[in-house]
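Asker: the following block contains a protein sequence and its predicted model.
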Amino acid sequence: MMLKQKLKNLSHLLPMSVTFKHLFKPPITIQYPEQRDVMKPRYRGRQRLDVKKCISCGSCARACPNATIEMKVVGIEEKKVKDRIIKKEKKHPEIYLGRCMFCGLCVEACPTGALTWDNEVIELAEYSREELFYPWWKLAGYEREPEQGGETQ
């Protein structure tokens, strides 16, 4: 009986040994807003769009299991083939990140590599749900929507 009581009194030593083992190691925490952690190369942050590579195929929207990607018409592209003029709608993806599960199927489905992952730390804290909607020009890194004539910054 006395031995059981002594062992009960010493039961806190095992958890304390874990504490003492980590006491003399350097801290692994960072001061977040001031210091940013370096993200790994395969980090899935936010999608990034290269409008010069986009061929308006819509395969990213078809591959999305949550239906968060919609294709928006941004202009009409005209090509002259022999003596005819062929008009084609130019579409770019728009993503609602509030429903996105960051699975990567849209990036894998893009045949030209126009849709890629951005390596920056993503902070999805917004004041309204409307701010989680990323139009094509915001995905491309533009500050505002370009004029109808050109797609330059």
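Answerer: Cool, the structure landed.

Asker: where's stretch 101-112 relative to the chain centroid, distance-wise?
Answerer: 11 Å (C-alpha atoms, centre = their mean, to the nearest Å).

Asker: could you dump the stretch of helix or strand Lys88 belongs to to PDB, C-alpha only?
Answerer: Under DSSP states H and E, the secondary-structure element containing Lys88 is strand 84-96. Presented in PDB, the C-alpha positions along strand 84-96 are these (Å, rounded to 0.1, in the frame of the first residue of the first chain):
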ATOM      1  CA  ARG A  84     -13.100  34.700 -93.600                       C
ATOM      2  CA  ILE A  85     -13.000  36.300 -90.200                       C
ATOM      3  CA  ILE A  86     -13.600  34.000 -87.300                       C
ATOM      4  CA  LYS A  87     -14.800  35.500 -84.000                       C
ATOM      5  CA  LYS A  88     -14.300  33.600 -80.700                       C
ATOM      6  CA  GLU A  89     -15.300  34.700 -77.200                       C
ATOM      7  CA  LYS A  90     -12.300  35.200 -75.000                       C
ATOM      8  CA  LYS A  91     -13.100  33.800 -71.500                       C
ATOM      9  CA  HIS A  92     -11.100  33.800 -68.200                       C
ATOM     10  CA  PRO A  93     -11.800  32.000 -65.000                       C
ATOM     11  CA  GLU A  94     -13.200  33.700 -61.900                       C
ATOM     12  CA  ILE A  95     -12.900  31.800 -58.600                       C
ATOM     13  CA  TYR A  96     -14.900  32.100 -55.400                       C
END
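
Asker: how about the very next helix or strand once past that strand, which residues are buried there?
Answerer: Moving toward the C-terminus from strand 84-96, the next helix or strand (DSSP H and E) is helix 105-109. By neighbour count on 16 or more other C-beta atoms under 10 Å, the buried set for helix 105-109 is Leu105, Cys106, Val107, Ala109. Just so you know, the C-beta spots here come from the backbone N, C-alpha and C atoms, and that holds for glycine as well.

Asker: between the residues you listed, which sits nearest Tyr96?
Answerer: Within the buried residues of helix 105-109, proximity to Tyr96 (C-beta to C-beta) peaks at Cys106, which comes in at 12.2 Å.
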